[in-house]
Structures are given as structure tokens and as C-alpha cells.
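>>> missing the sequence, but the structure's below:
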């Protein structure tokens with residue numbers, strides 16, 4: 001409930017006096033405005049009232065090149081990306097996503113909060129490094145599929161930051177998903193190369209002082 005209050009309550013950090021979040025949405029039947037009660041109901045349903053870990057939270061940030069801070073529709077895209085990401089990264093675990101741009105930079109970013117206890121049966125599919133006896137695919141990894149029943153806690157595979165980054169990349173690269181809300185398949189390598197070129201042309205602080 002404290003994380004929900006942080007995400008949904010309070011005013012923007014930019015001093016505007018407006019509410020912190022611009023858009024909010026749920027995954028797996030969650031409604032952001034009543035999420036604390038829903039999260040609690042899931043724990044009670046599976047006898048996990050006293051679970052030490054109640055949820056997992058994080059955020060996905062977007063540069064100006066990725067999502068225009070001045071475009072309100074870009075905030076909707078950030079929300080859809082976050083919802084799709086947590087649905088793939090934490091299958092069976094309901095959650096909420098809140099999109100904001102209240103920082104000093106004014107950039108779009110999506111916070112998420114996912115129930116530590118699953119509420120649905122689901123298959124968790126992820127890629128990992130192979131064991132000695134396994135033959136990897138072309139990318140050097142193997143695919144693993146784990147069937148998980150409702151009422152299970154988050155697994156270590158779900159909380160692996162490297163795997164989460166790969167899920168984000170897969171969402172951004174999934175042309176069939178991206179085109180449904182007006183974005184082309186995303187090429188992060190191309191963006192990074194463009195930013196490296198821009199950086200090489202920037203004037204250093206020392207050069208600015210000398211001028």
C-alpha cells in the first residue's frame with residue numbers, strides 16, 4: 001500500500017503542483033485506484049497474509065529520442081510498453097503501471113508494481129545461459145519454459161535484472177505488438193550508435209572554459 005500511495009498520490013516533483021502521474025493502468029485485472037485492496041486479497045486467497053515480500057517494483061525510462069516528452073500520446077505508448085513488459089516478465093502475477101514525466105528532465109518514465117504472489121496459472125518462458133550438457137541456440141542461449149500454478153511466489157528467474165532487460169528489448173523489437181499502437185519496431189543499437197556520434201561531437205567542459 002505504501003508503494004501504491006507513492007505511485008498514485010502526491011504532487012509532481014517539478015514544482016507544478018499537479019498530480020505526479022499522467023496515466024495509470026493495470027495488468028491481470030488490477031485497477032490502480034483500488035490496487036492495495038486487490039494485492040491484499042491475493043495474499044489472503046492463497047494463505048500468504050504474512051508474506052515478507054509483497055511485491056516487486058521498478059521503472060522503465062525513455063529518452064527524448066524514444067518518446068517525445070511533449071507528445072501526450074507518447075505517454076500512452078509508455079503505458080502500453082510497461083503493461084506488455086510486466087505481463088511477459090511476470091506471467092500470472094497481476095500488477096499496475098503508472099506513467100509520469102514529473103522529473104527535472106521532463107522525460108516519460110513508467111513505474112510498475114507487481115504482486116509477489118501469482119493469481120493465475122501461467123507459463124514463464126525465458127532465455128538463459130546453457131548448462132554444459134545443453135546445446136545453445138545461435139544467440140548462445142537456451143529457452144526454458146516453466147509452468148507455474150496460482151499462489152506461487154516470484155521466482156529468481158523472474159527477478160533477474162538481465163532477463164528483465166531482455167524482455168523490454170523483446171517488447172520494443174516485436175513489430176506485431178509495436179504497430180498496434182503506432183510505433184515501428186525499435187532498434188536500440190541504432191539509437192546508441194547515434195548517441196555515441198553525438199557525444200563525440202560535443203564540446204567538453206574544459207573547452208567551454210577555454211572559449
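Now that the structure is in, tell me what you want to look at. Note that the coordinates shown come from a computational prediction; the quantities given were computed from them, not determined experimentally.
>>> just after the lengthiest helix in the chain, pick out the following helix or strand.
Secondary structure of the chain per DSSP state H: the longest helix is helix 72-89. Counting by DSSP states H and E, the next helix or strand C-terminal to helix 72-89 is strand 95-100.
>>> average pLDDT across that following strand?
Strand 95-100 shows a mean pLDDT of 96.
>>> would you mind measuring the gap between the ends of stretch 172-179?
One end of stretch 172-179 sits 10 Å from the other (Cα to Cα, to the nearest Å).
>>> quick one: contacts of it?
The contact list for stretch 172-179 (Cβ atoms under 8 Å, 6 or more residues apart in numbering) reads 81, 84, 171, 184, 185, 186, 187, 188. Placement of C-beta: from N, CA and C, glycine included.
>>> helices of this protein, residue ranges please.
Under DSSP H, the chain gives helices at 2-8, 35-45, 72-89, 161-173, 175-178, 188-200, 205-210.
>>> tell me which of those sits most buried.
Among the helices of the chain, helix 72-89 has the highest mean neighbour count (mean count of other Cβ atoms under 10 Å), at a mean of 21.
>>> show me what that helix is packed against.
Counting contacts by 3 or more Cβ pairs under 8 Å, 6 or more residues apart in numbering; DSSP states H and E, helix 72-89 is packed against strand 21-27, strand 55-61, strand 95-100, strand 109-115, helix 161-173.
>>> in JSON lines, list the ones you listed along with distance to residue 36.
JSON lines is the format used below for the helices and strands packed on helix 72-89 (distance: least, Cβ to Cβ, whole Å):
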{"stretch": "strand 21-27", "distance to residue 36": "13"}
{"stretch": "strand 55-61", "distance to residue 36": "10"}
{"stretch": "strand 95-100", "distance to residue 36": "10"}
{"stretch": "strand 109-115", "distance to residue 36": "10"}
{"stretch": "helix 161-173", "distance to residue 36": "24"}
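>>> and residue 149, which of the ones you listed is closest to it?
Closest to residue 149 of these is strand 109-115 (Cβ to Cβ; 14.7 Å).
>>> and the closest one, which strands flank it?
Strand 109-115 has the following strand partners under DSSP bridges: strand 55-61 (antiparallel), strand 95-100 (antiparallel).
>>> pick the most buried one from those.
Mean neighbours per residue, mean count of other Cβ under 10 Å, is largest over those for strand 95-100, with a mean of 26.
>>> so what touches it?
4, 7-8, 12, 20-28, 30, 32, 35, 55, 75, 78-79, 82-83, 86, 108-115.
>>> swap in stretch 76-89?
Contacts for stretch 76-89 (Cβ under 8 Å, 6+ apart): 23-28, 60, 62, 67, 93, 95, 97, 99, 108-110, 112, 114, 158, 163-164, 167-168, 170-172, 177, 181-183.
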